[in-house]
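*Asks:* got a sequence here, can you build the structure:
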Amino acid sequence: MAVTLTKMFVLIGALGILSFLFGILAETNKPAAGVPIIGKGMVICKYPSDPTLAYAWLSFGFLLVCSVVGGFSIFYSYKGRKAPTSVFFQSTNFNSFFTITLFTIGLAAAFLLWPIMTHHHPNYNITGNRNSHSATCPTAKTGLLGGGAFLSLNSSLFWLVCFMLASNAREDYFEDLDSVKKPKHIEKTEAGHANTVHEEDDSSEITSS
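*Replies:* Here you go, the predicted structure:
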């Protein structure tokens with residue numbers, strides 16, 4: 001199956017939406033807190049079974065895949081013709097959006113990974129606590145997964161902007177390249193044809209007058 005601009009455009013958007021949806025599901029399914037079980041000099045935190053971690057990992061995974069596909073879509077050789085990388089980065093707009101995209105990806109990854117690392121989930125978590133009766137069993141901070149979901153969606157939208165800017169730069173590059181490589185005999189033929197048409201128009205005007 002041939003790789004086309006339209007297919008890559010749709011794929012990037014779809015991956016960004018999937019990452020967003022799984023991030024939102026992770027946020028909405030996250031338990032508020034675990035249940036503390038008081039022991040002697042320790043607290044055993046029991047967390048309810050929930051799919052938060054699975055959704056968060058899926059959101060992060062689709063973010064990574066979207067990032068790889070986004071970069072691939074920009075520098076891929078469509079129709080067997082590859083434009084030099086320098087062509088894209090000559091544009092100030094492309095440079096700006098490319099930098100913003102990478103920054104947004106890093107921020108989205110941080111927002112998604114931090115709750116994953118702090119969301120204690122082998123159902124039981126033993127912690128030492130001198131004041132066991134005031135112990136709590138918190139989960140990941142509320143809003144991080146949702147924020148990561150929105151940032152992930154934004155990164156895919158920025159990839160699409162970079163994709164369109166790169167496509168325009170690629171088309172301009174190949175148009176200039178084709179005009180330079182155009183054979184001289186074709187140019188002469190086109191010029192002769194234009195002169196012939198002009199002479200015929202002049203003769204028809206004289207005849208009519």
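
*Asks:* any stretches of this protein with poor pLDDT?
*Replies:* Within the chain, the stretches with pLDDT under 70 are 1, 34, 39-41, 119-135, 138, 181-209.

*Asks:* for whichever helix in the chain runs longest, enumerate the helices and strands it packs against.
*Replies:* Counting by DSSP state H, the longest helix found in the chain is helix 144-180. Packing partners of helix 144-180 (3 or more CB pairs under 8 Å, 6 or more residues apart in numbering; DSSP states H and E): helix 5-29, helix 52-75, helix 85-89, helix 92-118. For glycine as for every other residue, the C-beta is placed from the backbone atoms N, C-alpha and C.

*Asks:* ok, and the closest non-adjacent residue to the residue nearest to the spatial centre of the chain?
*Replies:* Note on the chain: the residue nearest the mean C-alpha position is S156, at 2.9 Å, using CA atoms, centre = their mean. Once flanking residues are discounted, S156 sits nearest to G16: 2.3 Å by CB to CB, 6 or more residues apart in numbering.

*Asks:* so what's that neighbour up against?
*Replies:* Residues counted as contacts of G16 (CB atoms under 8 Å, 6 or more residues apart in numbering) are F62, C66, S152, L153, S155, S156, L157, W159.

*Asks:* of those residues - the most surrounded one?
*Replies:* The most neighbours of any of those, using other CB atoms under 10 Å, belong to S152, which has 32 neighbours.

*Asks:* now that one: how far from D50?
*Replies:* Noted for S152: a distance of 21 Å to D50, by CB to CB, to the nearest Å.

*Asks:* and I105, by the same measure?
*Replies:* Distance of I105 to D50, computed by CB to CB: 27 Å.

*Asks:* more neighbours, the two?
*Replies:* For I105 and D50, the more surrounded residue by other CB under 10 Å is I105, and the numbers stand at 23 against 15.

*Asks:* got the contact list for that one?
*Replies:* Contacts of I105 by CB under 8 Å, 6+ apart are L63, S67, S155.

*Asks:* distance to D176 added to these, as JSON lines?
*Replies:* JSON lines is the format used below for the contacts of I105 (distance: CB to CB, whole Å):
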{"residue": "L63", "distance to D176": "36"}
{"residue": "S67", "distance to D176": "31"}
{"residue": "S155", "distance to D176": "31"}
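
*Asks:* which one of these is nearest S73?
*Replies:* S67 (10.8 Å; CB to CB).

*Asks:* now the residue nearest to the closest one when sequence neighbours are not counted: how far from L63?
*Replies:* Leaving aside its chain neighbours, S67 sits nearest to I105 (5.2 Å; criterion: CB to CB, 6+ apart). Distance, I105 to L63, by CB to CB: 7 Å.

*Asks:* overlap in contacts of those two?
*Replies:* In contact with both I105 and L63: S155, using CB under 8 Å, 6+ apart.

*Asks:* K46 and I37 touch, don't they?
*Replies:* Yes: using CB atoms under 8 Å, K46 is in contact with I37, at 5.9 Å.

*Asks:* give me the more crowded residue out of those two.
*Replies:* Each of K46 and I37 has its neighbours counted (other CB under 10 Å); I37 has more, 15 against 12.
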